[in-house]
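S.K.: structure, please.
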Amino acid sequence: MIHISKINLLTEKKDGRGKAVPFDFKAITLKGEILEGKNCIVTSSNHKNKTRNIKFQDSEEFRKLGNLSFIELNGVEVTM
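M.R.: Residues are numbered from 1 along each chain as shown. Coordinates of the predicted model:
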């Protein structure tokens with residue numbers, strides 16, 4: 001299990017060359033649907049508002065998600 005407080009560290013990881021490390025996730029949308037993302041990176045984040053802009057690299061789509069919407073990260077359950 002991953003505690004919600006670790007979302008920033010895990011989604012904003014960089015590799016040895018400073019490039020964002022892709023991750024997979026599941027999140028709950030405002031409509032209560034489960035959103036699944038594969039091969040995603042964070043393009044920007046607002047730590048005060050606890051939100052992040054996520055790029056789905058395969059489709060080039062962008063979504064803004066709040067930390068509390070994450071329920072799974074890289075196959076591991078996210079807890080509060």
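
S.K.: grab the nearest non-local neighbour of the spatially most central residue of the chain.
M.R.: Nearest to the geometric centre of the chain sits residue 11, at 5.3 Å (CA atoms, centre = their mean). The shortest distance from residue 11 to any non-neighbouring residue, by CB to CB, 6 or more residues apart in numbering, is to residue 42 (4.9 Å). C-beta: built from backbone N, CA, C; applies to glycine.

S.K.: residues of the helix or strand hosting that neighbour that come out buried?
M.R.: Assigning secondary structure by DSSP states H and E places residue 42 in strand 34-46. Neighbour counts over strand 34-46 (16 or more other CB atoms under 10 Å) mark 35, 37, 40-42, 45 as buried.

S.K.: so residue 67 touches residue 51, yeah?
M.R.: Yes. With contact defined as CB atoms under 8 Å, residue 67 reaches residue 51; the gap is 7.4 Å.

S.K.: helix or strand with the lowest mean pLDDT in this structure?
M.R.: Every helix and strand of the chain was ranked by mean pLDDT, DSSP states H and E. The lowest is helix 7-11, at a mean of 86.

S.K.: show me where the protein has strands.
M.R.: In the chain, the segments counted as strands under DSSP state E are 2-3, 23-28, 34-46, 51-56, 61-66, 70-73, 76-79.
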